[in-house]
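Novice: With the sequence up front, the predicted model follows.
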Amino acid sequence: MAWQIIRCLPKPRLYINAALQQAYVMGIASLPLVLFMAFLCGAVTSQQTGAQFTGGLPLWVVGSVLAASVITELGPILTGIVMTARIGAAIAAELASMKVTEQIDALYAMGRDPVTFLVVPRVAAGLLVFPPLIVMADAMGLAAGWFVGLLAVDGLTSADVIYGMRYYFRPWSLVFSVIKGGLFGLTITFFACFVGLDGKGGAEGVGKATTQAVVLITLALMTLDVLLVPLLKAF
Amino acid sequence: MIEYRNLHKSFGALQVLNGVDLVVAEGETLALLGPSGSGKSVLLKHAIGLLEPDEGDVIVDGISIATASARELRKVRRMLGYVFQNSALFDSLSVAENLLLAQCDESDTRTVRNLRDDAVELLGKVNLDAAVLTKYPAELSGGMRKRVGVARAIASRPRYLLWDEPTTGLDPVNADNIDQLIFDLGRDLGVTSIVVTHDLDTAFDVGDRIALLYDGRIRAIAPPAEIMQSTDEVVQKFVRRTKIMESAIA
C-alpha cells in the first residue's frame, strides 16, 4: 500500500478534490478541539513550571520551558493524540465499515483502486493539514501559557515570559515542530487506512479495527517521537 | 464468454467449490441456483477477481483471471458489471455520485451535472424517480438501494453482468421489472449474464439455461424446460415449488 501511495502522490489530479474535502474535515473541523487542548497544555505547563521553580530558579525560566516544551514536544504530540482519537478512529471505522459492507469490493468491481480512491486523499490531506494545525496549536499553547502564567504564578511578568521564550527559542525548533506535524499526519492517516481496509466480521469487526487503529497509531506516534529526537539535536 | 475451469475454493476447513466447470456463452443468460451457503456468490466473485481460487481458473473474454496483471484485471472489471447482494452503495456519496463513479473512469473529469440525463435514464430502467439522485443510501429503503445498485452495475454499459440475488427484497412488481431488464439486456444488447437467485420465477423467466450448484460442483445445467423434467432428486427438490404452484394454478 505504501508503494501505491508514493506512486500516486505525484499525480494530484487523481485525488485533489477528495483530498481537499478530507482536509476540511481534518483541519477546519478539528481546529476548535486542537486549540482547546493546546490551551490546556500551555496552561498546565506554565503553572507547573512556576510551582516547581518558584524560589529555586528565576521566573523567566517559565517562558523558556514553555517555548521549548510546547513547540518541540507537547504541541505536536498532544495534537497527534487528539487527532488520533478524532481522525484516526473515524478513518479506520469508515474504511472498515466499507470493507464489511462490500463497498471496497464494489470499487474493485468498477475497475477502481481503493488505495487511489480512499487512501491517497486521506494521506495527502494529513500531510497538508497537520503542519499548520500544529503551528496553530503551538501558538495557542504559548499564548495560553503566557496568559495563565501571569494569572497563576506569583511574581511572573510578561517581560519574564518574553525573555525566557527568546532565551531558549531556536528557529530550528519551529521547523522541527512542522516536520513532526507532517510525519504525524502521515502516520495517523496511513495506519488508520491500513487497519481499516483490513476490517472483517461485521459490526464487531469494525469496532475491533477502530480500537486496533487507535492503539497502533498511538504507539507509532510515541515511537516516532523518540526516534526524531536526534533530528532536533542535529541543528 | 466466461469459463470456469476446475475451480476449487475453500475457506479454512470449509471446501466451498470443489471443481466447478462451467461455460457461459456470449450473450447467454445463465441462472444459477443452489442451497444457501453453496458458494454461488463465491463463484461470481471469482469471475471479477475479488477472490483467488485455490486451484483452477476463470477465463473472461480470453483473459485468465488467476494470472492476469493488474492492468488486465482492470480491463476485465471495466467490461463487467456486478450487482451486489446488499447493494454495496457508497454511503458517503449521493445516488448521483454513486452512478457517476460507475459511468466514468479515473481519468474522466465529467461531473454529476454533465451526466444527469444519463443518470435519470438509468434510474428509469429500474423504476426510480429522478428525485432519488440527490438522496444518500441511508435515506433509501432496502428495495430502492437494491435498484440503485442495479442501475450502477449497468451504468458503464458492461458486456458482462453478474447479478447476486437481484430481486431479493423487492416487491413483485419491481422484481418483474428487474427480470424484464435482465431479459432485455440479453436480448437487445447481447449482454452475457450470470444471475444468482433463489427466486425460481426469475430463474425460469430470464435463464437461457439454469445451473444448479450443489456440493461444490455443477449438479445440473440445462434449459428451463429440461430442468423442470429432470429426474435428479436434488434438482427435483429445487423445482418442486414451481411445479406445485403450476399445478395449483392449473
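Specialist: Received the coordinates, thanks.

Novice: can you pull the buried residues of the biggest helix by length in chain A?
Specialist: Counting residues, the longest helix in chain A under DSSP state H turns out to be helix A:120-152. Of the residues in helix A:120-152, those with enough neighbours to count as buried (16 or more other C-beta atoms under 10 Å in any protein chain shown) are A:120-131, A:133-149. The C-beta positions use only the backbone N, C-alpha and C, and glycine is treated the same way.

Novice: which stretch of helix or strand covers B:Lys237?
Specialist: Element membership for B:Lys237 (DSSP states H and E) is helix B:233-249.

Novice: mind listing what B:Asp164 touches?
Specialist: With contact set as C-beta atoms under 8 Å, 6 or more residues apart in numbering or on different chains, B:Asp164 has these partners: B:40-41, B:44, B:82-85, B:196.

Novice: Kindly recompute the last result at 6 Å.
Specialist: Contacts here follow C-beta atoms under 6 Å, 6 or more residues apart in numbering or on different chains; on that basis B:Asp164 touches B:41, B:44, B:83-85, B:196.

Novice: Now tell me which of those the prediction trusts least.
Specialist: The member of the contacts of B:Asp164 with the lowest pLDDT is B:Gln85, and it reads 89.

Novice: What is the neighbour count of A:Val229?
Specialist: Neighbour count for A:Val229, taken as other C-beta atoms under 10 Å in any protein chain shown: 12.

Novice: try A:Lys233
Specialist: The burial count assigned to A:Lys233 is 7, neighbours taken as other C-beta under 10 Å.

Novice: Now the longest helix of chain A: average pLDDT?
Specialist: For helix A:120-152, mean pLDDT is 92.

Novice: Which parts of the helix or strand just after it count as buried, going by neighbours?
Specialist: Heading C-terminal from helix A:120-152, the first helix or strand you meet, by DSSP H and E, is helix A:158-168. In terms of neighbour count (16+ other C-beta under 10 Å), helix A:158-168 has its buried residues at A:160-161, A:163-165, A:168.

Novice: Can you list phi and psi of the residue lying closest to B:Leu22 once chain neighbours are set aside for me?
Specialist: Spatial nearest neighbour of B:Leu22, excluding adjacent residues (C-beta to C-beta, 6 or more residues apart in numbering or on different chains): B:Tyr4 at 4.2 Å. With angles defined as degrees, to the nearest 10, B:Tyr4 sits at phi -100, psi 130.

Novice: and the gap between the most centrally placed residue in chain B and chain A?
Specialist: Central residue check for chain B by C-alpha atoms, centre = their mean: the C-alpha nearest the mean position is that of B:Trp163, 1.0 Å away. Counting by C-beta to the nearest C-beta, to the nearest Å, the gap from B:Trp163 to chain A is 12 Å.

Novice: check contacts around that residue.
Specialist: By C-beta under 6 Å, 6+ apart, B:Trp163 lies in contact with B:83, B:195.

Novice: after the one helix or strand it maps to, next one along is what?
Specialist: Following DSSP H and E, the helix or strand that holds B:Trp163 is strand B:160-164. Note on strand B:160-164: by DSSP H and E, the next helix or strand toward the C-terminus is helix B:172-189.

Novice: pLDDT of that following helix, averaged?
Specialist: On average, the pLDDT along helix B:172-189 is 88.

Novice: Using PDB, write out the CA atom coordinates for it.
Specialist: Coordinates of each C-alpha in helix B:172-189 appear next as PDB, following Å, rounded to 0.1, in the frame of the first residue of the first chain:
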ATOM      1  CA  PRO B 172     -43.300  -8.500  -7.100                       C
ATOM      2  CA  VAL B 173     -43.800  -5.500  -9.400                       C
ATOM      3  CA  ASN B 174     -40.200  -4.300  -9.100                       C
ATOM      4  CA  ALA B 175     -38.900  -7.900  -9.200                       C
ATOM      5  CA  ASP B 176     -40.700  -8.400 -12.500                       C
ATOM      6  CA  ASN B 177     -39.200  -5.100 -13.700                       C
ATOM      7  CA  ILE B 178     -35.700  -6.300 -12.900                       C
ATOM      8  CA  ASP B 179     -36.400  -9.700 -14.600                       C
ATOM      9  CA  GLN B 180     -37.500  -7.800 -17.700                       C
ATOM     10  CA  LEU B 181     -34.400  -5.600 -17.600                       C
ATOM     11  CA  ILE B 182     -32.100  -8.700 -17.400                       C
ATOM     12  CA  PHE B 183     -34.100 -10.300 -20.300                       C
ATOM     13  CA  ASP B 184     -33.900  -7.100 -22.400                       C
ATOM     14  CA  LEU B 185     -30.200  -6.600 -21.800                       C
ATOM     15  CA  GLY B 186     -29.500 -10.100 -23.000                       C
ATOM     16  CA  ARG B 187     -31.900 -10.000 -26.000                       C
ATOM     17  CA  ASP B 188     -31.300  -6.400 -27.200                       C
ATOM     18  CA  LEU B 189     -27.700  -5.700 -26.300                       C
END
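
Novice: After it, which helix or strand is next?
Specialist: Counting by DSSP H and E, the next helix or strand C-terminal to helix B:172-189 is strand B:192-196.

Novice: Against which helices or strands is that following strand packed?
Specialist: When contacts are defined as 3 or more C-beta pairs under 6 Å, 6 or more residues apart in numbering or on different chains; DSSP states H and E, strand B:192-196 sits against strand B:29-33, strand B:160-164.

Novice: List just the nearest of the buried residues of helix A:158-168 to B:Val148.
Specialist: Taking C-beta to C-beta as the measure, B:Val148 sits nearest to A:Met165 out of the buried residues of helix A:158-168, at 58.3 Å.

Novice: just checking, that closest one touches A:Val65?
Specialist: No. In this structure, A:Met165 is not within contact of A:Val65 by C-beta atoms under 6 Å, at 9.6 Å.

Novice: what packs against the helix or strand harbouring B:Leu99?
Specialist: Using DSSP H and E, B:Leu99 sits in helix B:95-103. Packing partners of helix B:95-103 (3+ C-beta pairs under 6 Å, 6+ apart): helix B:142-155.

Novice: can you pull out the strands in chain A?
Specialist: In order along the chain, chain A carries no strands (DSSP state E).

Novice: okay, and for the chain, where does confidence drop off?
Specialist: The chain I'm using is chain A. A:235 (pLDDT under 70).

Novice: my question was about chain B
Specialist: Residues of chain B meeting the criterion pLDDT under 70: B:106-112, B:241-250.

Novice: What parts of it come near chain A?
Specialist: Selection of chain B residues close to chain A by C-beta under 6 Å from any C-beta of the partner chain yields B:48, B:50, B:74, B:77-78, B:82, B:84, B:88, B:90, B:102.

Novice: what's near enough to touch residue 99?
Specialist: Looking at chain A here, since you left the chain open. Residues counted as contacts of A:Lys99 (C-beta under 6 Å, 6+ apart) are A:Gly199.

Novice: Wait, chain B was what I had in mind.
Specialist: Shown in contact with B:Leu99 (C-beta under 6 Å, 6+ apart): B:119, B:152, B:155.

Novice: try it again with 10 Å
Specialist: B:89, B:93, B:112, B:115-116, B:118-120, B:122-123, B:133, B:148, B:151-152, B:154-156 (C-beta atoms under 10 Å, 6 or more residues apart in numbering or on different chains).

Novice: Return the members of these classed as buried.
Specialist: Among those, those classed as buried by neighbour count (16+ other C-beta under 10 Å) are B:89, B:93, B:112, B:115, B:119-120, B:122-123, B:133, B:148, B:151-152, B:154-156.
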